[in-house]
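Asks: Curious how this folds, go ahead:
(4 chains)
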Number of protein chains: 2
Amino acid sequence: MANINEIAKIAGVSSATVSRVINRNGYVSDDTRAKVEAVIKKLDYVPNRNAVFLKTGTTKMLGIIAPDFSDSLTVFLRSFTLAAQKEGYNVTLFITGGDKQKELDAFEMLRHKQLDGLVLVIRLNDWDQLEPFTKYGPIVTWQRVDSKHIPSVFMNHYQGYMLGLEHLYASGCRNIANLYGSTRGLNTKSRMQAYADFCQKYKLDPKLEQQFKGLNSIEDGEAILDWYAEQSDKPDGFATSSDAVAAGLVAEARRRGYNIPTDFSVVGFDNIEISRLLDITTIDYPIAKQAQNAFTIIFNQLLYKNLPLLPLEFDLIKRKTTR
Amino acid sequence: MANINEIAKIAGVSSATVSRVINRNGYVSDDTRAKVEAVIKKLDYVPNRNAVFLKTGTTKMLGIIAPDFSDSLTVFLRSFTLAAQKEGYNVTLFITGGDKQKELDAFEMLRHKQLDGLVLVIRLNDWDQLEPFTKYGPIVTWQRVDSKHIPSVFMNHYQGYMLGLEHLYASGCRNIANLYGSTRGLNTKSRMQAYADFCQKYKLDPKLEQQFKGLNSIEDGEAILDWYAEQSDKPDGFATSSDAVAAGLVAEARRRGYNIPTDFSVVGFDNIEISRLLDITTIDYPIAKQAQNAFTIIFNQLLYKNLPLLPLEFDLIKRKTTR
DNA sequence: TTGTAAGCGTTATCAG
DNA sequence: CTGATAACGCTTACAA
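Replies: This is a model prediction of the structure:
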């Protein structure tokens, strides 16, 4: 394939001039420009980007690391990709499947200068292991992180979760079961704190046997019905940490002939498509906006800009699974 | 940051030797190897991949182009990414949003040697526009394509759709409405053909006023209920081209108090999570396997291998929306 | 306004 | 087994 020297030779100029034509910097007379452009077009020439990358030390490629696909990741990915593309960046996805080494591999690509920036959705390795990489390029996380070097688009779930709890209380629930997500995550801690404060505020018994952790999938939600069926002191409301879990719960309950919200109420979390489909009351979690902010942070850092971030807040979406 | 020459100097060898150590080709004495490796570790050196790319003319990066996110794209993307990562390739996603130019941009990246291969999910530009790019690297499509140069993991939807139709017939439906997808796609044509043949086989009236085209989303499925409510001669079965449409239809029907399958039957298409959640009878469409095949085809072409492809076939998944 | 030439950091071919 | 050295294709001072 043709390269810049070939173009230069045919056009009767130097490669430097061709480069100037391509990149529109430096002075080039209209004549020469026209001549060069004609040759470029005729030979169907394009610069080899790898050479450009080597020279400029930038790839216009961003990475996003996650353990696996999930509904909310999809929302995030979509929004992030769109924002990035608008500024001429491409996005590559790393699915670690829980493998710490794979997470590190992605960070290595930043170090190898193959990536300009990185978004870490859910961290696998320890922060002190990851933090050293900040010197190779901007890194943003979706989780909360107590690091000066790693910015985050994290939102404190305490308020969001409390919104759901308060709604359940207002609609008559006094015996609420909680379906928390990841046992390790800080979000779970915030939610548990919200529940504790909630119980204290309304003088409720924070029944510990009704608090579940580590539930994430639709299947996890469905499985709860087995537990529910066996209880004598059944909860009258479920607060959940994701729409997926809530969806599993609601779908399985309907299958088994329970009536929601007569038998019990359910509040989801995220406000993704599935909750709308199943008419599940949920908490709107502005993931798309977070993703846009993630990009903006990286972009700002990369180009020494200072573009403003979008404001983020939770919102209760009342639907049919609560009274 | 340290480069290969620096390592070479400190280790007291030449850069060629360092390169041999890194890439484990050529002979290096154990002594020298140990010495070099020690320096590499001490200086925390990694090769600059952009230099490697420039030199080798390969990036270990594949692209996947789609107009937008959808449930089935997510399944495809997930499976493809996993397969690619297993062989050391990364995947970058191009969302065109229906913009032909963006599709071309991705193809340009192949030409610019920034991508080793490309998967085109749904084509926007004409084939003759795209075909010239095959000389820059392997391209695979998910759609059917009558081109010698562009392989496809396409499955003829005729048989799959017929499976659903036959099932509806067997369970008593004699008045079937069809909810087709994209008006342009060949899949829609195949499905329509299947329906035509089906009607002929069983001597049914192929009621043209009950055939809808261009339905893709959950919302589209929901909207059908408005139409249904107004009909005097109501269909007793719906065949659909996607689980999303079927899900919208089923969810909205249940909301409005219809009983499925008593009032009418519904067959989805794809067998993605949502159909399981809503207990929708559907046709299993092995998207994940198609994605694996897509990768295998690219991989084979890139490395002159001849790995076998997975066999693909449709399957009826009987659930609760049909009798 | 244009050309020369020195890198960017590797890999790979030849000698030795 | 190891070392020089010539590419790979481009950008960018510095000269002219």
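Asks: center of chain A - which residue?
Replies: Nearest residue to the geometric centre of chain A (CA atoms, centre = their mean): residue A:76, 3.9 Å.
Asks: how about the nearest residue to it, chain neighbours excluded?
Replies: Spatial nearest neighbour of residue A:76, chain neighbours left out: residue A:291 (4.6 Å); criterion: CB to CB, 6 or more residues apart in numbering or on different chains. Glycine gets a C-beta too; all of them are placed from N, C-alpha and C.
Asks: Could you give the number of residues near residue A:5?
Replies: Residue A:5: 11 surrounding residues under other CB atoms under 10 Å in any protein chain shown.
Asks: my bad, should have said residue A:183
Replies: Residue A:183: 10 neighbours (other CB under 10 Å).
Asks: For the residue of the stretch 151-300 of chain A found nearest DNA strand C, give me its contacts.
Replies: Nearest residue of the stretch 151-300 of chain A to DNA strand C, counting by CB to the nearest atom of the strand: residue A:298, 22.3 Å away. For residue A:298, the contact set (CB atoms under 8 Å, 6 or more residues apart in numbering or on different chains) comprises A:62, A:116, A:117, A:119, A:138, A:140.
Asks: Filter those residues down to the ones in strands?
Replies: A:62, A:117, A:119, A:140 (DSSP state E).
Asks: Break chain A into its domains for me.
Replies: Using the TED database, the domain parsing of chain A gives A:4-47, A:60-155+A:288-310, A:157-284.
Asks: gap between the two ends of the longest one?
Replies: So the one you mean is domain A:157-284. The straight-line separation of the ends of domain A:157-284 (CA to CA, to the nearest Å) is 11 Å.
Asks: For the stretch 101-250 of chain A, which segments count as strands?
Replies: A:117-120, A:139-141, A:176-179, A:211-212, A:237-240 (DSSP state E, counting those that start in this stretch).
Asks: Can you add mean pLDDT and give those back as TSV?
Replies: Shown next, in TSV, are those (pLDDT from 0 to 100):
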stretch	mean pLDDT
strand A:117-120	96
strand A:139-141	95
strand A:176-179	96
strand A:211-212	94
strand A:237-240	98
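Asks: residues from chain A in reach of DNA strand D?
Replies: Residues of chain A lying close to DNA strand D (CB under 7 Å from any atom of the strand) are A:1, A:3-5, A:15-16, A:19-20, A:22-23, A:25-26, A:46-48, A:51-52, A:54-56.
Asks: got the contact list for residue A:261?
Replies: With contacts defined as CB under 8 Å, 6+ apart, residue A:261 is in contact with A:171, A:320, A:321, A:322, A:323.
Asks: Now, of those, which are buried?
Replies: Among those, those scoring as buried are A:171, A:321, A:322, A:323 (criterion: 16 or more other CB atoms under 10 Å in any protein chain shown).
Asks: just those now: which is nearest residue A:84?
Replies: residue A:321 (35.7 Å; CB to CB).
Asks: Give the helix, strand or coil label for residue A:65.
Replies: Of the three states, residue A:65 takes strand under DSSP: H, G, I helix; E, B strand; the rest coil.
Asks: Now for it, how many residues are close by?
Replies: Counted with other CB under 10 Å, residue A:65 comes out at 24.
Asks: Report the buried residues of stretch A:75-88.
Replies: Within stretch A:75-88, the residues that count as buried by 16+ other CB under 10 Å are A:75, A:76, A:77, A:78, A:79, A:80, A:81, A:82, A:83, A:84, A:85.
Asks: List the residues that contact the closest residue to DNA strand D within the stretch 151-300 of chain A.
Replies: Across the stretch 151-300 of chain A, the shortest distance to DNA strand D (CB to the nearest atom of the strand) belongs to residue A:299, at 19.6 Å. Counting by CB under 8 Å, 6+ apart, residue A:299 touches A:87, A:89, A:305, A:307.
Asks: okay, whichever residue of the stretch 201-323 of chain A sits closest to DNA strand D: pLDDT?
Replies: Among all residues of the stretch 201-323 of chain A, residue A:303 sits closest to DNA strand D, at 14.6 Å; criterion: CB to the nearest atom of the strand. What the model reports as pLDDT for residue A:303 is 87.
Asks: how near is it to residue A:23?
Replies: According to CB to CB, to the nearest Å, residue A:303 and residue A:23 sit 17 Å apart.
Asks: And for residue A:125?
Replies: Distance, residue A:125 to residue A:23, using CB to CB: 39 Å.
Asks: Could you do residue A:192 as well?
Replies: Distance, residue A:192 to residue A:23, by CB to CB: 55 Å.
Asks: Look at the two and report which has more neighbours.
Replies: residue A:192 (17 against 10).
Asks: which residue packs closest to that one, ignoring adjacent ones?
Replies: Excluding its sequence neighbours, the residue lying closest to residue A:192 (CB to CB, 6+ apart) is residue A:180, at 6.7 Å.
Asks: close enough to count as contact, that neighbour and residue A:211?
Replies: Yes. Under the criterion of CB atoms under 8 Å, residue A:180 makes contact with residue A:211 at 7.0 Å.
Asks: List the residues that are in contact with both of the two.
Replies: Shared contacts of residue A:180 and residue A:211 (CB under 8 Å, 6+ apart): residue A:192.
Asks: For these two, indicate the residue with more neighbours.
Replies: Neighbours around residue A:180 and residue A:211, counted as other CB under 10 Å, are more numerous at residue A:180. The numbers are 24 against 14.
Asks: contacting residues for that one?
Replies: By CB under 8 Å, 6+ apart, residue A:180 lies in contact with A:188, A:191, A:192, A:211, A:212, A:213, A:214, A:215, A:241.
Asks: 10 Å - rerun?
Replies: For residue A:180, the contact set (CB atoms under 10 Å, 6 or more residues apart in numbering or on different chains) comprises A:161, A:187-189, A:191-192, A:195, A:211-216, A:239-242, A:245.
Asks: Equivalent analysis for residue A:108, please.
Replies: By CB under 10 Å, 6+ apart, residue A:108 lies in contact with A:101, A:114, A:115, A:133, A:136, B:46, B:49.
Asks: No further queries at this time; thank you.
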